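> Below is the sequence, then the predicted model.
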Amino acid sequence: MGKIEIVEPISRLEVILLTWADWMKRGGSVARGYPGKACGFAELGATSIEDMEDTGDVWLAQAVDAIIRGLPEEERSAIHHQYLDARYRGLVVFYAATLRRAKGMIQAGIERKGIW
């Protein structure tokens, strides 16, 4: 008989962090200088639901990125290690606790910004 895999439901915070990580891995950052496109009106039918979802994801990722950039260095390093495969700069024995603390700070920031 085969092994049964139990899948835990993913939390909203985890979905938000994975959205941020995907945006960061695709080169996402707050743009400097002039935008690549000007604001204006889309022609009828030119905007799809996928385009609107992508716009929402970028807005969410930018908001979460601002929160993460405001974290203390050790917590920011734990988040970058977990989601962006960056080098963790803290003590390895405290990594799990630091990651939990960082996620708590991010969740508080998300709630404060009204994203939650």
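Thanks, I have the structure now. Residues are numbered from 1 along each chain as shown.
> Which stretches in this protein count as helices?
Remark: helices assigned in the chain by DSSP state H are 12-25, 49-69, 73-84, 95-112.
> Out of the helices and strands in the chain, which is least certain?
Sorting the helices and strands of the chain by mean pLDDT, DSSP states H and E puts helix 49-69 at the bottom, at a mean of 81.
> Comparing the helices of the chain, which stretch has the densest surroundings?
Neighbour counts (mean count of other Cβ atoms under 10 Å) averaged over each of those peak at helix 73-84, with a mean of 18. Heads up, the C-betas are built off the backbone N, CA and C, glycines and all.
> and the angle from that helix to helix 95-112?
Relative orientation of helix 73-84 and helix 95-112, computed by axes from the mean of the first three to the mean of the last three Cα atoms, to 10 degrees: 90 degrees.
> Which strands or helices does helix 73-84 pack on?
helix 12-25, helix 49-69, helix 95-112 (3 or more Cβ pairs under 8 Å, 6 or more residues apart in numbering; DSSP states H and E).
> Which one, of those helices, ends up nearest to Ala86?
Minimum separation from Ala86 across those (Cβ to Cβ) falls at helix 12-25, 10.0 Å.
> Dump that closest one to CSV, restricted to CA.
What follows is helix 12-25, C-alpha atoms only, in CSV (Å, rounded to 0.1, in the frame of the first residue of the first chain):
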residue,chain,number,x,y,z
ARG,A,12,-2.9,33.6,4.1
LEU,A,13,0.4,35.0,5.4
GLU,A,14,2.3,32.2,3.6
VAL,A,15,0.5,33.0,0.3
ILE,A,16,1.4,36.6,0.7
LEU,A,17,5.0,35.8,1.4
LEU,A,18,5.2,33.4,-1.6
THR,A,19,3.7,36.1,-3.8
TRP,A,20,6.3,38.5,-2.6
ALA,A,21,9.1,36.0,-3.2
ASP,A,22,7.9,35.2,-6.7
TRP,A,23,7.9,39.0,-7.5
MET,A,24,11.4,39.4,-6.0
LYS,A,25,12.7,36.4,-8.0
